[in-house]
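coordinates only, no sequence provided:
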């Protein structure tokens, strides 16, 4: 089944490892086969991967679009997951769900779930910076 994607002017996306930028006005693309696709809103740059959970997201993103270096992406992912689980045991249930998706090769759903992990991390950071919040 084909997928129709509408890109806004200057919007970027990754299709099967290739970075695509819409140079002009709004355009429609039709992707006729099953390939990894990430829209700009789902792409995290290396510079933006500045927290442990964001680095986990970045590793999964690379697994999704760069299968040539899959072993290295997996190695980094598992190291980071282990470190985060040790540092923040409350994240373990969500990490377990993400790991299950990774083991099944379901990288896009793992990315979506990792967004929840990042949100949780943001809450923990906010709480640590303002321990009286919510009291």
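Cool, the structure landed. The structure displayed is predicted, hence computed values, not measured ones.

now for the longest helix anywhere in the chain, which elements pack on it?
The longest helix of the chain (DSSP state H) is helix 107-129. Using 3 or more Cβ pairs under 8 Å, 6 or more residues apart in numbering; DSSP states H and E, the elements in contact with helix 107-129 are helix 52-65, helix 92-103. Where you see a C-beta, it was placed from the backbone N, CA and C, and this is true even at glycine.

any idea which of these is most buried?
helix 52-65 (a mean of 22; mean count of other Cβ atoms under 10 Å).

if we can go back for a sec, how about CSV for the helices and strands packed on helix 107-129, with distance to residue 1 and mean pLDDT added?
Rendered in CSV, the data for the helices and strands packed on helix 107-129 read as follows (distance: least, Cβ to Cβ, whole Å; pLDDT from 0 to 100):
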stretch, distance to residue 1, mean pLDDT
helix 52-65, 20, 97
helix 92-103, 22, 97
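
quick check: closest non-adjacent residue to residue 25.
Of all residues not flanking residue 25 in the chain, residue 9 sits nearest, at 5.7 Å (Cβ to Cβ, 6 or more residues apart in numbering).
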